[in-house]
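> got a predicted model here, sequence first, then my questions.
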Amino acid sequence: METLRRIIVESDASGAREAARAGLMVMIVDVIDMSTTLESALDAGAAAVLGASPDFTRAPVKVMPEEIGRHAARLAREAGQGIIVVAEPRVGSDEERLARCQKLMKGIESERGMVEAVIPNIGAETPKLADFKNKIVVAVSDTGGVAYDAAFTEKGRVLTGTVARTYSQKGIQPALSAVQRARSMFTAQDKGLAIIAASRNSLEDVLAAQFIANLFLQECYAGDVLSVTKFVNDPV
């Protein structure tokens, strides 16, 4: 693993965008439910997980869900598999969910990707709704999805993490999985890691981001990581 030079904790899509611009690897923490859903998808064998903005967002950032759709389709083609789209509303029809992510769908279709299912964003129980084995999973959501999209649009390297119980993990294990994933992905080109609470108005996201950062800090004392943690936004 390369030396991790910097860890910051930030919030919101704007924080994700600025972290990506600064060359940091970005971890999106959206406990209810986007990042918990995607962690559960990985538990169930998904080949890759992504986030995307819905067609409309009030966040003051540039998003490109169509480009994420193209990326998902290319990953699916390489894997020889289909795509599962996770979207909102949680209670509603597939048509309602699809109506909010037409830009993503346009990108998938432009690369001849195949969407096998459109399912609600419900966290740990999501893998019970479809077969996730080797699939590419895209979660479209107003907070975590927008933050992911904002970082991706800045050519950032983006992953997700959670502290909540997932499909097959409980206790501290989901947070440890987030730490281990980021450590394994870190390269010399990454200037550090930004752990992004998807919404500063969500206390569970803010506390979860700080908790994951603290796990990284514990590893600092092993001598293989040099890092600094700061929390910029007021979590209210």
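Okay, I see it.

> for Glu10, see how far away the residue nearest to Ile32 when sequence neighbours are not counted is.
Excluding its sequence neighbours, the residue lying closest to Ile32 (Cβ to Cβ, 6 or more residues apart in numbering) is Glu204, at 6.3 Å. Using the backbone N, CA and C atoms, a C-beta is placed for each residue, glycine as well. For Glu204, the distance to Glu10 equals 16 Å [Cβ to Cβ, to the nearest Å].

> who's more crowded, those two?
Glu10 (23 against 17; other Cβ atoms under 10 Å).

> how about that one, secondary structure?
strand (DSSP: H, G, I helix; E, B strand; the rest coil).

> could I get the full set of strands for this protein?
7-11, 25-29, 48-52, 83-87, 115-120, 136-140, 158-160, 193-197 (DSSP state E).

> format those strands as a markdown table; extra columns: mean pLDDT and distance to Ala209.
A markdown table is the format used below for those (pLDDT from 0 to 100; distance: least, Cβ to Cβ, whole Å):
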| stretch | mean pLDDT | distance to Ala209 |
| --- | --- | --- |
| strand 7-11 | 95 | 5 |
| strand 25-29 | 98 | 5 |
| strand 48-52 | 98 | 15 |
| strand 83-87 | 98 | 21 |
| strand 115-120 | 97 | 24 |
| strand 136-140 | 98 | 18 |
| strand 158-160 | 98 | 12 |
| strand 193-197 | 97 | 4 |
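
> Leu38 is nearest to which of these?
Evaluated with Cβ to Cβ, these place strand 48-52 nearest to Leu38, the distance being 4.0 Å.

> the nearest residue to Gly69 once chain neighbours are set aside: what's it in contact with?
Leaving aside its chain neighbours, Gly69 sits nearest to Gly107 (2.4 Å; criterion: Cβ to Cβ, 6+ apart). Contacts for Gly107 were tallied using Cβ atoms under 8 Å, 6 or more residues apart in numbering; they are 65-73.

> what of Phe211?
163, 175.

> so what's it scoring on pLDDT?
Each residue has a pLDDT score; the one for Phe211 is 97.

> any idea how far it lies from Leu129?
The gap separating Phe211 from Leu129 is 28 Å, by Cβ to Cβ.

> hmm, back to that, please identify which of the contacts of Gly107 is nearest to Val163.
Ile68 (24.9 Å).

> does that closest one touch Leu50 like I think?
Yes: if you go by Cβ atoms under 8 Å, Ile68 and Leu50 touch, sitting 5.8 Å apart.
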